[in-house]
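>>> Below is the structure, and that's it, no one-letter string:
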């Protein structure tokens, strides 16, 4: 199978191209700004630098390669950055998605009218936003795909746009796609999320002997899954998901941010002095984020295999090895 992965420089994409290659697929990975993870990959995988905001590059790639599957993972993926650069976030996340679908249309027009790839689009739980808080006020926790989309930051808004533009291309142009609303995930090669920041800072504290940990809000709760379980879900959706449909991908296990700190302390064998950094507090923040994954499990048979303790152990070892 020929597979194109955008965002191959990110945590999920870099692990995914390795898994696809080892499965025997012919893979091309697209990266743009971040090459650090790409440089860690020793397998003979073809990587191409391409800014997806500009159509020519992705047009040529898709028309030359004609991939059977496209995993669109590339994004400006940080809510905190989206407050600083809202226009860029919207541009990257929505226009890049449009350009992929338009490239498929051009491939059908100029190369093969029967071209029919499956596109798996990495959408986000951030699309639900305030709906999550409203649900919790009613005593509900697990959000379904049918819930109202009320994002709380520009990143969430951009993901709603990406989600709905995909639905539009499915309905109007019959391009098969899966909209995967991904909840919190982490793992080796991840940066700028709570678990990666905490594990990296813990390793720095261990090496310096200054046992401090800068944190934001430790009272929020998140369903966090290992990137290996996420990659497995995305690949199952490409094979078994219903084209045009939307699926939550969420851990079934919910962790308070203070729980993550306690797991890290247990694994490093040392208590950390907590220092709350106002810069790490978001203007608005969902109190708890966890998705209903009934549809995902029913349609694909997916189940979560990796426990958080194993994920954190692997991340601590990763930071030890690269720092």
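That came through fine. This one's a predicted model, so the numbers in the text were calculated from it and none came from an experiment. Numbering: from 1, shown residues only.
>>> mind showing which ranges of the stretch 201-323 of the chain have poor pLDDT?
By pLDDT under 70, the weakly predicted segments of the stretch 201-323 of the chain are 284-286, 323.
>>> So which residues of it form helices?
Using DSSP state H, counting those that start in this stretch, the helices found in the stretch 201-323 of the chain span residues 227-240, 257-268, 294-300, 308-322.
>>> Packed most tightly, which of the ones you listed would that be?
helix 227-240 (a mean of 21; mean count of other CB atoms under 10 Å). (Each C-beta comes from the backbone N, C-alpha and C, glycine too.)
>>> elements contacting it?
helix 11-23, strand 69-72, strand 118-124, strand 177-182, strand 185-186, strand 246-249, helix 294-300 (3 or more CB pairs under 8 Å, 6 or more residues apart in numbering; DSSP states H and E).
>>> what's the closest of those to residue 111?
Proximity to residue 111 (CB to CB) singles out strand 69-72 among the helices and strands packed on helix 227-240, at 15.1 Å.
>>> that older thread, wait, which of the helices of the stretch 201-323 of the chain is closest to residue 130?
Ranking the helices of the stretch 201-323 of the chain by distance to residue 130, with CB to CB as the measure, places helix 257-268 first at 20.0 Å.
>>> Give the other helices and strands that the closest one contacts.
helix 194-208, strand 212-215, helix 308-322.
>>> how much does it deviate in direction from helix 308-322?
For helix 257-268 against helix 308-322, the angle by axes from the mean of the first three to the mean of the last three CA atoms, to 10 degrees is 60 degrees.
>>> Give me the contact list for helix 257-268.
Residues from elsewhere that reach helix 257-268 (CB atoms under 8 Å, 6 or more residues apart in numbering): 194-195, 198-199, 202, 206, 213, 215-222, 224, 271-272, 274, 308-309, 312-313, 316.
>>> Please convert the buried members of those residues into PyMOL selection syntax.
Filtering the contacts of helix 257-268 down to the buried ones (16 or more other CB atoms under 10 Å) takes a single PyMOL command:
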select buried, resi 194+195+198+199+202+206+213+215+216+220+221+222+224+272+308+312+313+316
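>>> on that earlier part again, what's the closest of the helices and strands packed on helix 227-240 to residue 155?
Across those, residue 155 has its closest neighbour in strand 118-124 (7.5 Å, CB to CB).
>>> What average pLDDT does the closest one get?
Taken as a whole, strand 118-124 has an average pLDDT of 98.
>>> Quick check: most distant residue from the centroid of this structure.
What lies farthest from the middle of the chain is residue 209; by CA atoms, centre = their mean that is 33.4 Å.
>>> Redo the helices and strands packed on helix 257-268 as JSON lines? Include distance to residue 183.
Formatted as JSON lines, the helices and strands packed on helix 257-268 follow (distance: least, CB to CB, whole Å):
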{"stretch": "helix 194-208", "distance to residue 183": "13"}
{"stretch": "strand 212-215", "distance to residue 183": "21"}
{"stretch": "helix 308-322", "distance to residue 183": "14"}
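>>> Among the ones you listed, which comes closest to residue 25?
Judging these by CB to CB, what sits closest to residue 25 is helix 308-322, at 24.5 Å.
>>> follow-up on the earlier one: quick one: the helices of the stretch 201-323 of the chain as TSV, columns for distance to residue 107 too.
As requested, the helices of the stretch 201-323 of the chain are exported to TSV (distance: least, CB to CB, whole Å):
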stretch	distance to residue 107
helix 227-240	18
helix 257-268	44
helix 294-300	27
helix 308-322	38
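>>> do you know which of the ones you listed lies nearest residue 159?
helix 227-240 (15.5 Å).
>>> tell me how far that closest one is from the chain's mean position?
12 Å (CA atoms, centre = their mean, to the nearest Å).
>>> With stretch 4-23 instead?
Taking mean C-alpha positions (CA atoms, centre = their mean), stretch 4-23 and its chain are 12 Å apart.
>>> buried sites along it?
Buried positions in stretch 4-23, judged by neighbour count with 16+ other CB under 10 Å: 4-18, 20-21.
>>> what do you get for stretch 243-253?
244, 245, 246, 247, 248, 249, 250, 251.
>>> can you list the residues that contact it?
118, 123, 125, 143-145, 163, 167, 170-171, 176-185, 223-225, 229-230, 233-234, 237, 241, 290-293, 295-296, 299, 302, 304, 308.
>>> how does it look with 7 Å?
125, 145, 163, 167, 170, 176-183, 223-225, 230, 233, 237, 241, 290-293, 295-296, 304, 308 (CB atoms under 7 Å, 6 or more residues apart in numbering).
>>> Is there a quick PyMOL command that grabs whichever of these are buried?
Buried residues among those (16+ other CB under 10 Å), as a PyMOL selection:
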select buried, resi 125+145+163+170+176+177+178+179+180+181+182+183+223+224+225+230+233+237+241+290+291+292+293+295+296+304+308
